[in-house]
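Enquirer: Here you go, sequence then predicted model.
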Amino acid sequence: MEVSIGEVTILVKDIHEADRFYRDILGLKLTGEREANRGTPGAFRAAHYQLGDALLTLMAPTGPDSTILNRTLEKRGEGLHHYCFLVDEMDTVIKRCQAAGIRLVDSLGELVKLDGTNAYTDPRATHKTLVQFMPKGSTEL
């Protein structure tokens, strides 16, 4: 099975403030911005930077409606939110996680079944780190 890093996501309070470090100090170029899930507890704003074959993403709450990210910032502060592995055998990863008792959910919090295209681990099972799995070649990053 082939596995590679697709994305590393850092949770920040303010994307524009954090952008200065990545742009001014490291010289990274912003390759895209987006907002998603507006008006829901999972609302977020993101800024993407290409790092070789992977993305570095800064993610921030859009406002008070972003209760999930705001709660995470209150509990843990800014820092690593998750990383995404691109895998060529998604069903194998899902089966192995299920066999090991690792709960997998999709981006809506629903339990993942075989043929899933996006899966997140329960951080309690992966050393307090949220891990995402996506098929190689996915355009969702």
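Expert: In hand now; what should we look at?
Enquirer: Which helix or strand contains the most centrally placed residue in the chain?
Expert: Centroid check for the chain by C-alpha atoms, centre = their mean gives residue 82 as the closest residue, at 4.6 Å. Per DSSP states H and E: residue 82 is located in strand 79-87.
Enquirer: re earlier: and the closest residue to the residue nearest to the centre of the chain other than its chain neighbours, how close does it get to residue 20?
Expert: Excluding the flanking residues, the one nearest residue 82 by C-beta to C-beta, 6 or more residues apart in numbering is residue 130, at 3.8 Å. (Glycine included, C-beta is placed from N, CA and C.) Between residue 130 and residue 20 the computed distance is 26 Å (C-beta to C-beta, to the nearest Å).
Enquirer: Over to residue 51?
Expert: Here the criterion is C-beta to C-beta. By it, residue 51 lies 17 Å from residue 20.
Enquirer: Same check on residue 76?
Expert: When C-beta to C-beta is the yardstick, residue 76 and residue 20 sit 22 Å from each other.
Enquirer: what's residue 32 sitting at in phi/psi?
Expert: Dihedral angles of residue 32 (phi, psi; degrees, to the nearest 10) stand at phi 180, psi 150.
Enquirer: my guess is it contacts residue 48, does it?
Expert: Yes: if you go by C-beta atoms under 8 Å, residue 32 and residue 48 touch, sitting 4.4 Å apart.
Enquirer: residue ranges with poor pLDDT in the chain?
Expert: 107-109, 115-116, 139-141 (pLDDT under 70).
Enquirer: Do you have the strands of it handy? List them.
Expert: Using DSSP state E, the strands of the chain run over residues 3-11, 30-36, 44-51, 54-60, 79-87, 104-105, 119-121, 130-135.
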